[in-house]
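Visitor: got a sequence here, can you model it:
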Amino acid sequence: MIINGVKYKILDVMENITIADSFIKGGNKIGLGHGESKLYVGQVTDNKTIPFFNLTDENNIINCFILKSDLLQYLNDTMVEYKKPSQKYQNIDLLPNLWNIRLNNIQSKDELLYFNLKYLNKLKPPRIYLNSIDGNENYSIIREIALPNLSYLSCLKLKNLSNNKIIFYFKIFANLDFLYNNISLEQDENIETKKARSGQNVYRTALLKECPFCPITMVNYDRLLIASHIKPFVKCTDDEKYDPKNGLMLTPTIDKLFDKGFITFNEDKKILLSPWLSTHTFNCLNLKSGTKYNALPFDEQRLLYMKYHNDYIFKA
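Guide: Residues are numbered from 1 along each chain as shown. This next block holds a predicted model:
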């Protein structure tokens, strides 16, 4: 992995660190209080968190960074929730303007934003918390922009190949399933939902004619196949929403990995695996980076949709 011109080796990944409402500060909170800066990352008994962060030395300084580009992507993904909030935030009326303020603030930053964490070993086990050493501004950005229920962190443990030092790369993600489900609840059930279901049925039927099986698993039992959108439905124009070229028929596990951006495919029909999901998970599913799947129904139109998936959905 190359970040800002520096080569790193990925040593491990910690997936899906929950961002609790208690961690969030400012107008984004749903519950009471001002927010606590400590971050819950795991438990003593899980046999992973302590070695991952090298916490056997309780005085160890955990060197970390986030990327400006990741923060901007998160704000883009959650813009609809900021602009038209579906949850009962403390300062819900201020949220649209807060999005603009935070966007401008992050745009003024450098690409690499560093901060240091420490182990709060005096707190009662088994829960493990980390916190900023000095109330670092870059660490505070995460607490400011995160939205409860639809935000989480993942962390890559990296080794800098030029000096062999360990550093932790944190990235904030939006749980778009939660976001899209909330949006759909606000739609008119009598008109919009019926229209969407009708269009989805037509889309699925057309897609099955082009792709009557999952090109990854070769399963062809249509009741086990999901009509997956390559470019997400909510990001599509009206024409793109039901265009069968914007789809693949996939089995449920492959669909979930593809939808979440943990896998994608290049124009040569080779699979790409995200570093933000553990190699153990991919091994269990017998997925190997660079494997070619000749049955992928790639033509010029579908490759245009795949480019969008590679650029904006895939967690590279």
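Visitor: show me the contacts for the residue nearest to N310 when sequence neighbours are not counted.
Guide: Spatial nearest neighbour of N310, excluding adjacent residues (CB to CB, 6 or more residues apart in numbering): T264 at 5.2 Å. Bear in mind the C-beta positions are built from the backbone N, C-alpha and C, glycine included. Contacts for T264 (CB atoms under 8 Å, 6 or more residues apart in numbering) come out as F258, I271, L272, M306, H309, N310, I313, F314.
Visitor: swap in A20?
Guide: Each residue near A20 by CB under 8 Å, 6+ apart is listed here: Y40, P148.
Visitor: please apply the same query to Y89.
Guide: With contacts defined as CB under 8 Å, 6+ apart, Y89 is in contact with G27, N28, K29, I30, L95.
Visitor: out of those residues, which end up buried?
Guide: By neighbour count, with 16 or more other CB atoms under 10 Å, these hold G27, N28, K29, L95 as buried.
Visitor: after the helix or strand hosting Y40 comes which helix or strand?
Guide: Counting by DSSP states H and E, the element that carries Y40 is strand 39-43. Next helix or strand after strand 39-43 toward the C-terminus (DSSP H and E): helix 49-52.
Visitor: which elements pack onto the helix or strand following that next one?
Guide: Next in sequence after helix 49-52, counting helices and strands by DSSP H and E, comes strand 62-67. In terms of contacts (3 or more CB pairs under 8 Å, 6 or more residues apart in numbering; DSSP states H and E), strand 62-67 is packed against strand 112-119, helix 137-145, strand 166-174.
Visitor: 7 Å instead, please
Guide: Packed against strand 62-67 by the contact rule (3 or more CB pairs under 7 Å, 6 or more residues apart in numbering; DSSP states H and E) you find strand 112-119, strand 166-174.
Visitor: from the chain's centroid, how far away is the last one?
Guide: Think strand 166-174. Computed by CA atoms, centre = their mean, to the nearest Å, the chain-centroid distance of strand 166-174 equals 11 Å.
Visitor: CA atoms of that strand as PDB?
Guide: Written as PDB, here are the backbone C-alpha positions of strand 166-174 (Å, rounded to 0.1, in the frame of the first residue of the first chain):
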ATOM      1  CA  ILE A 166       4.400   0.800  13.100                       C
ATOM      2  CA  ILE A 167       1.500   3.200  12.500                       C
ATOM      3  CA  PHE A 168      -2.300   2.900  12.500                       C
ATOM      4  CA  TYR A 169      -4.400   4.200   9.700                       C
ATOM      5  CA  PHE A 170      -8.000   5.000  10.900                       C
ATOM      6  CA  LYS A 171     -10.800   5.400   8.300                       C
ATOM      7  CA  ILE A 172     -14.400   6.500   9.000                       C
ATOM      8  CA  PHE A 173     -17.200   4.800   7.100                       C
ATOM      9  CA  ALA A 174     -20.900   5.400   6.700                       C
END
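Visitor: within its sheet, name the partner strands of that strand and how each one runs.
Guide: Strand 166-174 has its sheet partners listed here by DSSP bridges as strand 62-67 (parallel), strand 151-160 (antiparallel).
Visitor: now do the contacts for the closest residue to F173 other than its chain neighbours.
Guide: Excluding its sequence neighbours, the residue lying closest to F173 (CB to CB, 6+ apart) is Y152, at 5.6 Å. The contact partners of Y152, taken as CB atoms under 7 Å, 6 or more residues apart in numbering, are N16, I17, T18, I19, F173, N175.
Visitor: I3: which of the residues you listed is nearest?
Guide: Of all those, I3 sits closest to F173, with 17.3 Å by CB to CB.
Visitor: against I145, how distant is the closest one?
Guide: F173 is 12 Å from I145, where distance means CB to CB, to the nearest Å.
Visitor: now L95
Guide: Counting by CB to CB, the gap from L95 to I145 is 11 Å.
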